[in-house]
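S.K.: Model the following, please.
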Amino acid sequence: MIEISVTKPLDKMRIEVKGHAEYGEYGSDIVCAAASILLYTLRERACDIDQRSVISVMTAGDSFVEVDIRNQRMRECVNTVLTGFRLLATNYPDNVIIID
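M.R.: Predicted coordinates:
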């Protein structure tokens, strides 16, 4: 199961993705791939907006991105990616859970 946790310390937002979906074979799991690309997209787009305000660690099964959300464009970016995570959790409830 992939656990996606969203926390909001002060003016920041942190999205943490842990675990594996176990939907398909390791290395070919489409649910894991979807969750990974969403988090990588957040990191890359956030760095385009303001690289200095992005903290991230990307490792298999345990990754996070933390951004400063005082910037409107950054908030929009985060909200778009969160929409993707919600869709993933809705369509694969046995494999993905969001913890707020």
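
S.K.: Specify the local secondary structure of the residue located most distally from the centre of the chain.
M.R.: Relative to the centre of the chain, and counting by C-alpha atoms, centre = their mean, the farthest-placed residue is residue 25 at 21.4 Å. Here residue 25 is recorded as coil under DSSP: H, G, I helix; E, B strand; the rest coil.

S.K.: What distance do you get for it to residue 41?
M.R.: According to C-beta to C-beta, to the nearest Å, residue 25 stands 24 Å off from residue 41. Where you see a C-beta, it was placed from the backbone N, CA and C, and this is true even at glycine.

S.K.: What of residue 72?
M.R.: 19 Å.

S.K.: more crowded one of those two?
M.R.: residue 41 (15 against 9; other C-beta atoms under 10 Å).

S.K.: Now do the same contact list for that one.
M.R.: Shown in contact with residue 41 (C-beta atoms under 8 Å, 6 or more residues apart in numbering): residue 81.

S.K.: tell me the average confidence for the host helix or strand of it?
M.R.: Counting by DSSP states H and E, the element that carries residue 41 is helix 30-50. The pLDDT scores in helix 30-50 average 97.

S.K.: confidence score at the residue farthest from the centre of the chain?
M.R.: So, for residue 25, pLDDT stands at 92.

S.K.: And residue 10, by the same measure?
M.R.: Residue 10 is given a pLDDT of 89.

S.K.: Could you do residue 100 as well?
M.R.: Per the predicted model, pLDDT is 82 at residue 100.

S.K.: For it, which non-adjacent residue is closest in space?
M.R.: Leaving aside its sequence neighbours, residue 100 sits nearest to residue 6 (C-beta to C-beta, 6 or more residues apart in numbering; 5.3 Å).
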